[in-house]
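Chemist: Could you work out the structure for the sequence below:
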Amino acid sequence: LAKVKVGLGAAASNKKGSIGAVGWLPGSFSASSIGIQQTLPGTRTLNLSTLSGVKWEMDFEQDSGVDPDGFPIADAFYTLGAAQSFQGGKSYAKTFNTAVFGPHLNANFGLYRDGNEILGSLPLFADGQGHAGSSLFTSVNTTLYKNGVKVGSNDDPLFGEKTFKVPAGQANYKLTTSVKRSVKVAAASTRIDASWTFSSKKTTDFTKLPASMVRFNAKTGLDSRVEAGKTATIPLTVEGSAKGSNLKSLAVYVSYDYGQTWKKVTVSGGKITVKNPAKGKAISFHAKIADKKGNKSTISIYNAYYGK
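Modeler: Here you go, the predicted model:
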């Protein structure tokens, strides 16, 4: 057996949740699991079989109460992603649903154009470990501009469920989104604003568009809180079209008053140094990213995490 200690986070009070593990044997096509509900934040240790090439999926769920039939009502969920194999006799650690929540780009997530339609398909609120997932939102406003003129708006939080129809010709586009969620769901990342600027024309098939993002890899507790007032170094990860040697510029700003005032911080060696927020207060992040082909992105993460 492999021992997997799972940290189950929650950035809101009075939450319960569960972690479910599903084992897939080679050639299998059906499986299921039952998560045992527990108080969040908390931990659970899973003892997983490692025989016969089994691979494991994990799915986390945060709940807010139960429905009339007694079943949990999920208000946030995260997934491990592709099924993973573990080695017998070894110990592993996994963590779900902790800060910093923010957009995540990889081979499977991004902005796309299909003929004359543009859409986003990516997790805006991937958790601090980069796990894809989402939560209940209170407001969503996604807008596309063509050559500075508004094409339209919708309420898709870049789930890829709604598209913008555009003309075939080459044009400059800007896609923006602003999504808010209740502190009753998560006090961390209560609002995320993002934008991507790129040039595009009609495609013959489903094509990924140039888009970038930066991830803030702060270490927090399972409650998305940190030691108040302490100086902390935060590694950054640039994703997408500006990744690696394709990065032209990256500017990062922090705020301690919900974005009313922003202070630029120095990026050195792929890291920033900040002062943790005061007890009960939050820190917010803003970044501007440009790749070497002229594509630009911005990200604002409000109430990224709190001091305690």
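
Chemist: Now do the strands in the stretch 101-250 of the chain.
Modeler: 110-114, 117-121, 133-135, 139-146, 149-154, 164-165, 171-180, 191-200, 206-208, 212-216, 225-226, 231-240, 247-255 (DSSP state E, counting those that start in this stretch).

Chemist: Could you list the buried residues of the first one?
Modeler: Right, the one you point to is strand 110-114. 110-113 (16 or more other Cβ atoms under 10 Å). To be clear about C-beta, it is placed using only N, CA and C from the backbone, and glycine gets the same treatment.

Chemist: go on, the fifth one?
Modeler: With burial defined by 16+ other Cβ under 10 Å, the residues of strand 149-154 counted as buried are 151, 154.

Chemist: now it and strand 171-180, what's the angle there?
Modeler: 40 degrees (axes from the mean of the first three to the mean of the last three Cα atoms, to 10 degrees).

Chemist: Just give me how far strand 149-154 sits from the chain centre.
Modeler: 24 Å (Cα atoms, centre = their mean, to the nearest Å).

Chemist: okay, now residue 265: neighbour count?
Modeler: Look at residue 265: counted by other Cβ atoms under 10 Å, it has 15 neighbours.

Chemist: Report the beta-bridge partners for it.
Modeler: Note on residue 265: beta-bridge partners residue 252, judged by DSSP bridges.

Chemist: next one: the one 10 residues further on
Modeler: In this structure, residue 275 has the following beta-bridge partners (DSSP bridges): residue 231.

Chemist: Is it in contact with residue 227, as I believe?
Modeler: No - contact criterion Cβ atoms under 8 Å: residue 275 and residue 227 do not qualify, at 10.9 Å.

Chemist: what's the burial count for residue 148?
Modeler: 8.

Chemist: Retrieve the pLDDT associated with it.
Modeler: Predicted confidence (pLDDT) for residue 148: 97.

Chemist: measure it to residue 211 for me?
Modeler: For residue 148, the distance to residue 211 equals 19 Å [Cβ to Cβ, to the nearest Å].

Chemist: Kindly report the same for residue 144.
Modeler: Distance from residue 144 to residue 211, by Cβ to Cβ: 13 Å.

Chemist: Nearest spatial neighbour of residue 139, chain-adjacent residues omitted?
Modeler: residue 180 (4.7 Å; Cβ to Cβ, 6 or more residues apart in numbering).

Chemist: Who are the contact partners of residue 134?
Modeler: 76-77, 123-125, 157, 159 (Cβ atoms under 8 Å, 6 or more residues apart in numbering).

Chemist: what about 10 Å?
Modeler: 75-78, 101, 123-126, 157-159, 179, 181 (Cβ atoms under 10 Å, 6 or more residues apart in numbering).

Chemist: With residue 230 instead?
Modeler: Counted by Cβ under 10 Å, 6+ apart, residue 230 has contacts 274-277, 307.

Chemist: any low-confidence regions in the protein?
Modeler: Residue ranges of the chain with pLDDT under 70: none are present.
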